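Novice: Give me a model of this one.
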Amino acid sequence: MKMNQKIDPALLRGVSQRRYDRRDVMKLFGVGAAGMALAACGVKGAKQAPADQDAVAKYWSGKKQNGHLDFATWALYMPTDHAPLKAFTKETGITVNYQEVIQDDPEWYGKIQPQLAADKPTGYDLMVVTNGIELDKLIDFGYLAPLDHSKLPNYAQNADPIYRDEAYDKGNVYSIPYTSGYTGIAYNPTYVKEPITKIAQLWDPKYAGKLGMMKAPQELGNFGMLLLGINPETSTPQDWEKAAAKLQEQKPLVRAYVTQDYTKSLANGDLWICQAWSGDIFQENASNGSNLQFVVPEEGGTIWTDNMMIPKTAANPVDALMMMDYFYRPQVAAELTEFINYVTPVPSTKDRIAKHAAASTGDDKKTLEAILTSPLVYPTAADLAKLKRYPTLKSADEQKTYQNTFLPISSG
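Specialist: The predicted model follows:
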């Protein structure tokens, strides 16, 4: 898959406002003292058995719609006029206190864990957390409400099947996706004259001093494993050691282990080729008229998902569940996709946006057509089949081992 569109920077609504450092090392493991402590050591708690139908029925028994909802999420995950939320309120009577208060997962987990462990409200009924260490802990320690799927008909009808059996939450017992993105390879064709199709090309000495790799241990580790034909989702500490050895071999070629600042380096030629996040490349090309190429390599790439979930102590869980299902209406999901420009979990949005484009004129029409034709918003089935998740690190020991295996490569 290649992202080779040159898009007028004036066309894409919301692109200039989108966060540019969404997925950096602080998000994945935390570089502050509090974040690093949580990532490496975890927070003690009693692991819960997976919820069954009895647990679902017990949790939801007697709960009613209250007419209000407190929603915690990331910056710029909602059109600035909050039109979808206003429409939800008009239809249901449920008021929504929408708060973009999540900056990174370790920090957010550290903020809400004490209340959840004490079985007290966090102040929020619905929140968005990325798959990874923090979501694993929220599930394992029983901090999330088991979802009543009988109340999620739009999800059942409209969700892409790839999201229905995720390793981090099989059967979507506790979470459903809000939006997704993926990690592949980006390169500047001004300097890279060969087709880039494989992770193995990131080990080519011709790119010495012009190669970038992710600093985040989960991103770095995934590519090391994919190179070796190892599925990160089912990997073992022995697999991590093998991948780390390959990444150590590559290290003399690497100019920089990057966080959020790599697209400018790719555009100006400081880097020629780099691990990259899909949304960043879409944004760089759209905002600055760059012609960066993006590929999901033959060995595979990484898909990550920001997920909606309900804290078990939520004051208004029924209202939260109603909003979760509301976001899976194709017309609502389409409106979100037009603003967010990440991968949508509702494939039928493409038809809705196409109809919107056909009825639009001028810049609006060009905007919508750019979104429709971007493989970074609507990836192909072939590329989706190659994408893998991060390892599911269930224990504090596993988290520490993983971090100690890969973090020295990018930090040492």
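Novice: What helices and strands are in contact with the longest strand seen in the chain?
Specialist: Longest among the strand segments of the chain by residue count, using DSSP state E, is strand 176-187. When contacts are defined as 3 or more C-beta pairs under 8 Å, 6 or more residues apart in numbering; DSSP states H and E, strand 176-187 sits against helix 217-227, helix 262-268, strand 273-277, helix 278-288, strand 293-295, strand 301-309. The way it works is simple: take the backbone N, C-alpha and C, and place the C-beta from them, glycine included.
Novice: Reformat the ones you listed as TSV; add mean neighbour count.
Specialist: Putting the helices and strands packed on strand 176-187 into TSV (neighbours: other C-beta atoms under 10 Å) gives the following:
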stretch	mean neighbour count
helix 217-227	26
helix 262-268	20
strand 273-277	26
helix 278-288	24
strand 293-295	23
strand 301-309	25
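Novice: what would those look like in a markdown table with distance to Ile102?
Specialist: As requested, the helices and strands packed on strand 176-187 are exported to a markdown table (distance: least, C-beta to C-beta, whole Å):
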| stretch | distance to Ile102 |
| --- | --- |
| helix 217-227 | 18 |
| helix 262-268 | 23 |
| strand 273-277 | 18 |
| helix 278-288 | 17 |
| strand 293-295 | 26 |
| strand 301-309 | 9 |
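Novice: Among these, which comes closest to Tyr187?
Specialist: Checking the helices and strands packed on strand 176-187 against Tyr187 by C-beta to C-beta gives strand 273-277 as the closest, at 4.1 Å.
Novice: ok, the closest one: who's next to it in the sheet?
Specialist: With DSSP bridges as the test, strand 273-277 is paired with strand 176-187 (antiparallel), strand 211-214 (parallel).
Novice: Run the chain-centre distance for the longest one.
Specialist: When you say that, I think you mean strand 176-187. In terms of C-alpha atoms, centre = their mean, to the nearest Å, the centre of strand 176-187 is found 6 Å from the chain centre.
Novice: With the shortest one instead?
Specialist: Computed by C-alpha atoms, centre = their mean, the chain-centroid distance of strand 211-214 equals 20 Å.
Novice: For the longest helix along the chain, report the contacting residues that lie outside it.
Specialist: Ranked by residue count and defined by DSSP state H, the top helix of the chain is helix 396-411. The contact list for helix 396-411, computed with C-beta atoms under 8 Å, 6 or more residues apart in numbering, reads 29, 39-42, 133, 213-218, 220-221, 224, 237, 240-241, 243-244, 247-248, 251, 257, 391, 393.
Novice: Off-centre distance for that helix?
Specialist: Chain-centre distance of helix 396-411: 21 Å, with C-alpha atoms, centre = their mean.
Novice: going forward, begin numbering at 796 instead of 1
Specialist: Okay, using 796 as the starting number, the last item reads as helix 1191-1206.
Novice: Could you list the buried residues of it?
Specialist: Across helix 1191-1206, burial judged by 16 or more other C-beta atoms under 10 Å covers Ala1191, Glu1193, Gln1194, Thr1196, Tyr1197, Gln1198, Thr1200, Phe1201, Leu1202, Ile1204, Ser1205.
Novice: Just give me the closest of those to Gly1064.
Specialist: Ser1205 (22.4 Å).
Novice: who does the closest residue to the closest one other than its chain neighbours bridge with?
Specialist: Ranked by C-beta to C-beta, 6 or more residues apart in numbering and with sequence neighbours excluded, the top spatial neighbour of Ser1205 is Tyr1052, at 3.8 Å. Counting by DSSP bridges, Tyr1052 is bridged to Met1008.
Novice: Tyr1052: neighbouring residues, count only.
Specialist: Using other C-beta atoms under 10 Å, Tyr1052 is surrounded by 20 other residues.
Novice: just checking, it touches Glu1014?
Specialist: No. Tyr1052 lies out of contact with Glu1014 (C-beta atoms under 8 Å); the separation is 9.9 Å.
Novice: remind me which residues of the stretch 1046-1195 of the chain are low pLDDT?
Specialist: 1055 (pLDDT under 70).
Novice: Could you pull up the residues touching the residue nearest to the spatial centre of the chain?
Specialist: Nearest residue to the geometric centre of the chain (C-alpha atoms, centre = their mean): Thr1100, 3.4 Å. With contact set as C-beta under 8 Å, 6+ apart, Thr1100 has these partners: Thr925, Asn926, Tyr958, Glu961, Pro972, Tyr973, Thr974, Ser975, Pro1140.
Novice: Give me the lowest-pLDDT entry from these.
Specialist: Minimum pLDDT across the contacts of Thr1100 is recorded for Glu961, with 80.
Novice: For that residue, give its distance to Arg1184.
Specialist: Distance, Glu961 to Arg1184, using C-beta to C-beta, to the nearest Å: 7 Å.
Novice: Need the overlap of contacts for these two.
Specialist: Shared contacts of Glu961 and Arg1184 (C-beta under 8 Å, 6+ apart): Asn926.
Novice: re earlier: going by distance to Gly1064, which of the contacts of Thr1100 wins?
Specialist: The closest of the contacts of Thr1100, once distances to Gly1064 are taken by C-beta to C-beta, is Ser975, at 30.3 Å.
Novice: isn't that closest one right up against Gly1096?
Specialist: No. Proximity of Ser975 to Gly1096 does not meet the contact threshold set by C-beta under 8 Å, at 12.0 Å.
Novice: re earlier: can I get the strands paired with strand 1068-1072 in CSV with distance to Thr1144 and mean neighbour count?
Specialist: Formatted as CSV, the strands paired with strand 1068-1072 follow (distance: least, C-beta to C-beta, whole Å; neighbours: other C-beta atoms under 10 Å):
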stretch, distance to Thr1144, mean neighbour count
strand 971-982, 11, 26
strand 1006-1009, 29, 25
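Novice: now these as a markdown table including distance to Lys858?
Specialist: Output for the strands paired with strand 1068-1072, formatted as a markdown table (distance: least, C-beta to C-beta, whole Å):
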| stretch | distance to Lys858 |
| --- | --- |
| strand 971-982 | 18 |
| strand 1006-1009 | 42 |
